[in-house]
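> Whatever this is, show me its structure:
(one chain, ligands or ions: 2)
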Amino acid sequence: MPPIRLGSFGTLTPFLYPAFSSCRSSTLRKLPLPAYSKRLPSSSIHTGTQDVSSDISSSRLNPAPDNYSVTPFADRCILTVEAGSGGHGCVSFVREKYIEEGPPNGGDGGSGGNVYIQAVRGETSLHKLARRRLIKAGRGRNGQGKMRGGERGEDVLITVPIGTIVREIERKDPVAVAMQEEWEAEHYRKKPETEEEEEKGNYGRDKWLVFPGLVPAELNRMVFPTLPKSRKSHLAALQPEAPVYLDLDKHMETPMLLAAGAMGGVGNPHFATTNNPRPKMATRGDEGMKLNMQLELKLLADLGLVGLPNAGKSTLTRALTNSKARIGNWAFTTLQPNVGTVVLDNHQGRAAVTKRGRDGMLRENFLIADVPGLIEDAHLDKGLGLGFLRHVERAAVLAFIVDLSAGDAVEALKLLWREVSEYEALRGRELNAETERRMVNYSPTSRRAQQDSGMELDSPEFGSSQALPPISSTPISSKPWFVVATKADLPNTQDNYKALRSYLDAVNNGAQPHPSGRKHAWKRNLQSVPVSAINAQGVDVIPQLVMDLLEE
Ligand SMILES: Nc1nc2c(ncn2[C@@H]2O[C@H](COP(=O)(O)OP(=O)(O)OP(=O)(O)O)[C@@H](O)[C@H]2O)c(=O)[nH]1
Ligand SMILES: [Mg+2]
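Numbers count the residues shown, from 1 in each chain. Ligands and ions are numbered 1, 2, ... in the order given. Now for the predicted structure:
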């Protein structure tokens, strides 16, 4: 291993390793194997990985085992949001020096706070929401005497990464249910059947608030007017239609309403009539809507690294980004994805790579996901199995990382593809089964109707629901991909790389089948990049390559 500190690489690279520094994507195919090794003292190269760590103890790309930081990460979560309930109306009367028994002056309750959602740049994970589980908007304040209305409840804003899919699992909307009941009663002239129901219709004990000074006898004699009709705030019209399905794949300048706060109750002046000028009742505020939903990241990153354990994925991530992914010379160092940002333009002059995104904006960076290693039979959930493959499915471009020093690179690549395409087949079957299940279970009636008809509900308790089936996404084999051959600094890796290169050429010109075994798999000028990530050599062609492939 070259006994050179990382700091000196930046300036010395062009002189020491002309081959690595001059390569651009157009010349990728012609890339010679690491020529730099010739220029280094022979004693300093051709050492194993373990020797490397003893030589340079604390460089950024070859850090000590404890030099890393774990960024919490979650790519899906189940979340319950609760719009604020309304404040209660107030029962109060004017009372002044010469007006002993004044008119009613109780204020209305304030409406509950709203829940908004916004997809923003800069967020990469749902872990903060996963930890919270329940997000509640503020309750409206109660009305007060002297006609003072209650304050509105506080709104909450949920910020999520771009590429989040929000799906509703279940909802509990007491106001909608009450409105539906009122509508049915009006249109079908449903007569109250039981005494209890009749009493409820007239009295609606749970809806009314009465003057605290009332004695029981007075309460029994009290005649309640008809309850005001249930209403929703005008904002509720902006709520997404039920069941909620939002695909937030763009940066949002303004938040979007998810659940509008409930209306507050009304104060006692609303019930004043000539017969009863001093009503001693007000109504309670409505209960806020609850929404149980699953949030899932559709697109985790622009580039996903697929490789066997210990292939050097985390080292490559460190070489390309500022991340402090954990690196260790053992399998399964990485246990959860690390999403790093590759900065294309550091605003210190001309951008290294310029590309416009789909929205026409100049891209300044792209995201790279370093995911746990994949082993044989990962599609049967071995190793970190399916969880890992789920992440692979959510990258736009894939980089297959093969370790040139760990046996036949072509075999390694084929194994990776085998696992990935087995997983793809599995997902296809899963999606079909899900579609079938939904067709069998389809019922146009609401949850309430199911309840009324005595149908068994999946989850009697709100918020205890099972996760939804995974979302469908682009098949892995149709994503653009390339190969990064790592550890090119180690001895006897040249032949391995040559074999890999000729295999890819053979796939390119059709002499060999696509490693996924699928007919319509993506292959368009398959590229391979030999790198020595530990020395940050050869990696600078990757950003341009990724940006080109992202356009596909
Ligand atoms: N010589 C050499 N060693 C490398 C290179 N890249 C990585 N290594 C070493 O290979 C070992 C594994 O590197 P990691 O980056 O942790 O590998 P990984 O693929 O992230 O491993 P898992 O997270 O376990 O899947 C470490 O000891 C690295 O120092 C390279 O380009 N050259
Ligand atoms: Mg790793």
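> Run a quick neighbour tally on the closest residue to ligand 2 within the stretch 1-150 of the chain.
Closest contact between the stretch 1-150 of the chain and ligand 2, by CB to the ion, is at residue 68 (9.7 Å). Where you see a C-beta, it was placed from the backbone N, CA and C, and this is true even at glycine. If you count neighbours by other CB atoms under 10 Å, residue 68 ends up with 18.
> Tell me, what's the model's pLDDT at the residue lying closest to residue 297 once chain neighbours are set aside?
Residue nearest to residue 297 in three dimensions, not counting chain neighbours: residue 75, with 4.4 Å by CB to CB, 6 or more residues apart in numbering. Looking at residue 75, its pLDDT is 83.
> Please list all residues in contact with residue 75.
By CB atoms under 8 Å, 6 or more residues apart in numbering, the contact set of residue 75 is 125, 126, 296, 297, 300, 337, 390, 391, 394.
> Just the ones in helices from these, please.
Residues from the contacts of residue 75 lying in helices, with DSSP state H as the criterion: 390, 391.
> If I look at residue 473, what pLDDT would I see?
Reading off the model, residue 473 has pLDDT 71.
> what secondary structure does it sit in?
Taking DSSP: H, G, I helix; E, B strand; the rest coil as the rule, one finds residue 473 in the coil state.
> count of residues packed around it?
Residue 473, neighbours per other CB under 10 Å, totals 14.
> Got the confidence number for the closest residue to the residue of the stretch 1-150 of the chain closest to ligand 2 other than its chain neighbours?
Distances taken as CB to CB, 6+ apart place residue 326 nearest to residue 68, at 3.7 Å, with adjacent residues excluded. If you check residue 326, the pLDDT there is 78.
> Check whether residue 326 really touches residue 313, as I assumed.
No - with contact defined as CB atoms under 8 Å, residue 326 does not reach residue 313; the gap is 11.0 Å.
> between those two, which one's more packed in?
More neighbours surround residue 313 than the other of residue 326 and residue 313, with 32 against 20 (other CB under 10 Å).
> Quick one: residues contacting the spatially most central residue of the chain.
In the chain, the C-alpha closest to the average C-alpha coordinate belongs to residue 297, at a distance of 3.3 Å (CA atoms, centre = their mean). When contacts are counted by CB under 8 Å, 6+ apart, residue 297 touches 75, 76, 125, 126, 161, 163, 164, 165, 394.
> Now list the buried members of those.
The neighbour-count criterion (16 or more other CB atoms under 10 Å) marks 75, 76, 125, 126, 161, 163, 164, 165, 394 among those as buried.
> The fifth one contacts residue 126, doesn't it?
Yes - counting by CB under 8 Å, residue 161 sits close enough to residue 126 to count as a contact (7.1 Å).
> if we can go back for a sec, tell me the one among the contacts of residue 297 nearest to residue 497.
residue 394 (29.4 Å; CB to CB).
> Any residues of the stretch 251-400 of the chain in contact with ligand 1? List them.
Residues of the stretch 251-400 of the chain that fall close to ligand 1, judged by CB under 6 Å from any ligand atom: 307, 309-315, 327-329, 331-334, 372-373.
> where exactly do the helices run in the stretch 401-550 of the chain?
409-441, 447-452, 494-508, 542-550 (DSSP state H, counting those that start in this stretch).
> wait, the stretch 101-250 of the chain
127-132, 174-188, 195-203, 216-221.
> Worst mean pLDDT among the ones you listed?
helix 195-203 (a mean of 53).
> So which residues make contact with stretch 96-110?
With CB under 8 Å, 6+ apart as the criterion, stretch 96-110 contacts 86-95, 140-153, 264-272, 277-279, 282, 284-285.
> one step back: ok, the contacts of residue 75 vs ligand 2, which is closest?
Comparing every one of those with ligand 2 (CB to the ion), the shortest separation belongs to residue 337, at 9.9 Å.
> Surely that closest one touches residue 373?
No - counting by CB under 8 Å, residue 337 does not reach residue 373; the two are 11.8 Å apart.
> and those two? which has more neighbours close in?
Neighbours of residue 337 and residue 373, each counted by other CB under 10 Å, are more numerous for residue 337; the result is 29 against 23.
> Please report how far that one lies from residue 317.
Here residue 337 is placed at a distance of 10 Å from residue 317 (CB to CB, to the nearest Å).
> Could you do residue 179 as well?
Distance from residue 179 to residue 317, by CB to CB: 53 Å.
> Among these two, which residue is more densely surrounded?
More crowded of residue 179 and residue 317, by other CB under 10 Å: residue 317, with 26 against 15.
> quick one: secondary structure of that one?
helix.
> remind me which residues of the protein are low pLDDT?
Scanning the chain with the threshold set as pLDDT under 70 gives 1-58, 189-205, 346-362, 378-387, 437-461, 463-466, 470-472.
> Output the set of residues of it in proximity to ligand 2.
Within the chain, the positions near ligand 2 by CB under 5 Å from the ion are 313, 314, 333, 334.
> Would you point out the most distant pair within the residues you listed?
313 and 333 (9.2 Å).
> quick one on the thing from earlier: take the buried ones among the contacts of residue 297 and keep only those in strands.
Among the buried ones among the contacts of residue 297, the ones falling in strands (DSSP state E) are 76, 161, 164, 165.
> Closest one of those to residue 117?
Nearest member of these to residue 117, counting by CB to CB, is residue 164, at 8.6 Å.
> Quick check, residue 271 in contact with residue 225.
Yes - between residue 271 and residue 225 there is a contact at 5.4 Å, judged by CB under 8 Å.
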